[in-house]
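Novice: With the input below, show me the fold.
(one chain, ligands or ions: 2)
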Amino acid sequence: MTASPKRRMTSQRRIILEELRKTKSHPTADELYVVARKRLPRISLGTVYRNLDQLAETGEILKLEMCGSQKRFDGSTHDHFHVRCRICGRVGDVDATLSLPDLDRFKADQFEINGLYMEFVGTCAGCESRE
Ligand SMILES: [Zn+2]
Ligand SMILES: [Zn+2]
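Specialist: Ligands and ions are numbered 1, 2, ... in the order given. Coordinates of the predicted model:
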């Protein structure tokens, strides 16, 4: 077995990563905490937050910044967009290749623009069938 020291993971972090990679729901830290606790009964919410932040820093997961909602996390790090249900807030993946606009074209007083978050909005299948 070869384990490079840099990639050494605590078992807590490994379990959090495993649980996140299992789901496509883009859970919040609170939601992951509920799942992680089934395997790690003594883990704290703070520990879940800390591990998620570390995993996001090393690029093993994505931390999603979305408009008007709690931060969510994503176990798949390939280039993709997200769609958020307007009704229940559920988040899904969108396979799309889009070229983002050239940020230099945008001006805001007192700000230097250096990023842009984009998300699609829609209605999820669950909410659609309830209507
Ligand atoms: Zn929905
Ligand atoms: Zn995603």
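
Novice: In contact with N51, which residues?
Specialist: By C-beta atoms under 8 Å, 6 or more residues apart in numbering, the contact list for N51 reads 10, 12-13, 16. Placement of C-beta: from N, CA and C, glycine included.

Novice: Ligand 2 contacts on the protein?
Specialist: Residues of the chain lying close to ligand 2 (C-beta under 5 Å from the ion) are 74, 93.

Novice: mind listing the helices for the chain?
Specialist: Using DSSP state H, the helices of the chain run over residues 11-22, 29-39, 45-57, 125-130.

Novice: send the alpha carbons of the third one over as PDB?
Specialist: When you say that, I think you mean helix 45-57. Listed next in PDB are the C-alpha coordinates belonging to helix 45-57 (Å, rounded to 0.1, in the frame of the first residue of the first chain):
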ATOM      1  CA  LEU A  45     -21.000  19.700  13.400                       C
ATOM      2  CA  GLY A  46     -17.900  21.900  13.800                       C
ATOM      3  CA  THR A  47     -15.700  19.000  12.700                       C
ATOM      4  CA  VAL A  48     -17.800  18.400   9.700                       C
ATOM      5  CA  TYR A  49     -17.500  22.100   8.700                       C
ATOM      6  CA  ARG A  50     -13.700  22.000   9.300                       C
ATOM      7  CA  ASN A  51     -13.200  18.900   7.200                       C
ATOM      8  CA  LEU A  52     -15.400  20.200   4.400                       C
ATOM      9  CA  ASP A  53     -13.400  23.400   4.300                       C
ATOM     10  CA  GLN A  54     -10.100  21.400   4.200                       C
ATOM     11  CA  LEU A  55     -11.400  19.200   1.400                       C
ATOM     12  CA  ALA A  56     -12.500  22.200  -0.600                       C
ATOM     13  CA  GLU A  57      -9.100  23.800  -0.100                       C
END
